[in-house]
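# From the sequence below, what's the structure:
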Amino acid sequence: MFRRLALEDSAALFTFAAFLTAASIYVAMTWRALRMKRPQVAAFENLPFATATPPAAHDSRSPRES
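Numbers count the residues shown, from 1 in each chain. Just a heads-up that it's a prediction; the model follows:
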């Protein structure tokens, strides 16, 4: 009644290509981070956050509320 679609092989190929693309991006970013020079690491360590970090929920409650 229903014929199998001829797209099964191409679907597997597209899935594999998407995995390779995502994996290569992660590997490239990891490689760049590991190969970064010490002065650049120090510069990134001292960058400020764009906004102030809000306090955690457990820091804003009094001890009796928990």
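# Report the buried residues of the helix ranked longest in the chain.
Ranked by residue count, the top helix of the chain under DSSP state H comes out as helix 8-34. The neighbour-count check on helix 8-34 (16 or more other CB atoms under 10 Å) flags nothing as buried. In this view, the C-beta of every residue, glycine as well, is placed from N, C-alpha and C.
# and M36, what element?
Here M36 sits in a region with no helix or strand, counting by DSSP states H and E.
# quick one: it from A43, how far?
10 Å (CB to CB, to the nearest Å).
# Ok, I25 next?
From I25 to A43 the distance is 24 Å (CB to CB).
# Y26 too?
Counting by CB to CB - Y26 and A43 are separated by 23 Å.
# Pull up the gap between the most centrally placed residue in the chain and T51, please.
Nearest residue to the geometric centre of the chain (CA atoms, centre = their mean): Y26, 8.0 Å. Y26 is 27 Å from T51, where distance means CB to CB.
# and stretch 18-32, what's its mean pLDDT?
Across stretch 18-32, the average pLDDT comes to 97.
# hey, C-alpha coordinates of that stretch in CSV?
Provided in CSV are the C-alpha atoms of stretch 18-32 (Å, rounded to 0.1, in the frame of the first residue of the first chain):
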residue,chain,number,x,y,z
ALA,A,18,24.9,18.0,10.3
PHE,A,19,26.7,16.1,13.0
LEU,A,20,30.1,16.6,11.2
THR,A,21,29.3,20.4,10.9
ALA,A,22,28.4,20.7,14.6
ALA,A,23,31.4,18.6,15.7
SER,A,24,33.8,20.6,13.6
ILE,A,25,32.6,23.8,15.1
TYR,A,26,33.1,22.6,18.6
VAL,A,27,36.5,21.1,17.8
ALA,A,28,37.6,24.4,16.1
MET,A,29,36.5,26.5,19.1
THR,A,30,38.2,24.1,21.5
TRP,A,31,41.4,24.2,19.5
ARG,A,32,41.4,28.0,19.4
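# next one: phi and psi at T51?
Main-chain torsions, T51, degrees, to the nearest 10: phi -130, psi 160.
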